[in-house]
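Q: Here's a sequence, model it:
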Amino acid sequence: MEHDIRPWGEYWVLEDAETHKVKRIQVNPGGRLSLQYHHKRAEVWTIVSGIGTVTIDNEVKDYKAGEVAQIPLGAVHRIENKYNEPVVFIEVQHGTYFGEDDIVRIEDDYNRS
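A: A predicted model of the protein is given here:
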């Protein structure tokens, strides 16, 4: 199983298929992913534990365990953990390509391009 540690937390790839990719993502307290979008995939995020503050285009909302965020293809999005417990969610990517090089970062706390 692919596992990657990032400045904001870590993720595990649970399934990588031609039609989709599934990740378990943990965002540590105070961490947030880059503000980003994708050319070739949409995503569905299901919160498993904790509270994630999710931005989708111009809407910002807290999502709790059991809630689902739908991120359309091309939508600008990020998740942030403003609380003291890790936030864990399952990300299901669907589209035509799932490589990490399809991340277009608009803003990043960790100076990644």
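Q: What's the per-residue pLDDT of the residue sitting furthest away from the middle of the chain here?
A: In the chain, the residue that sits farthest from the middle, by C-alpha atoms, centre = their mean, is Glu18; the gap is 19.6 Å. Glu18 is assigned 95 on the pLDDT scale.
Q: Tell me if I am right that it is in a strand.
A: No. Counting by DSSP: H, G, I helix; E, B strand; the rest coil, Glu18 is not found in a strand; it is coil.
Q: State the distance from it to Thr96.
A: 10 Å (C-beta to C-beta, to the nearest Å). Just so you know, the C-beta spots here come from the backbone N, C-alpha and C atoms, and that holds for glycine as well.
Q: phi, psi of the spatially closest residue to Val13 that is not a sequence neighbour?
A: Among residues not flanking Val13 along the chain, Glu2 sits closest, at 4.0 Å (C-beta to C-beta, 6 or more residues apart in numbering). For Glu2, the backbone dihedrals (degrees, to the nearest 10) come out as phi -70, psi 130.
Q: try Asp101
A: According to degrees, to the nearest 10, Asp101 has phi -80, psi 0.
Q: Number of residues surrounding it?
A: Number of residues near Asp101 (other C-beta atoms under 10 Å) recorded here: 6.
Q: change the start of the numbering to 250 and stick with it
A: With 250 as the first residue, the last one maps to Asp350.
Q: what sits against the residue nearest to Val262?
A: Glu251 makes contact with 261-262, 265, according to C-beta atoms under 8 Å, 6 or more residues apart in numbering.
Q: run the last query once more with 10 Å
A: Listed by C-beta atoms under 10 Å, 6 or more residues apart in numbering, the contact partners of Glu251 are 260-263, 265, 270, 272.
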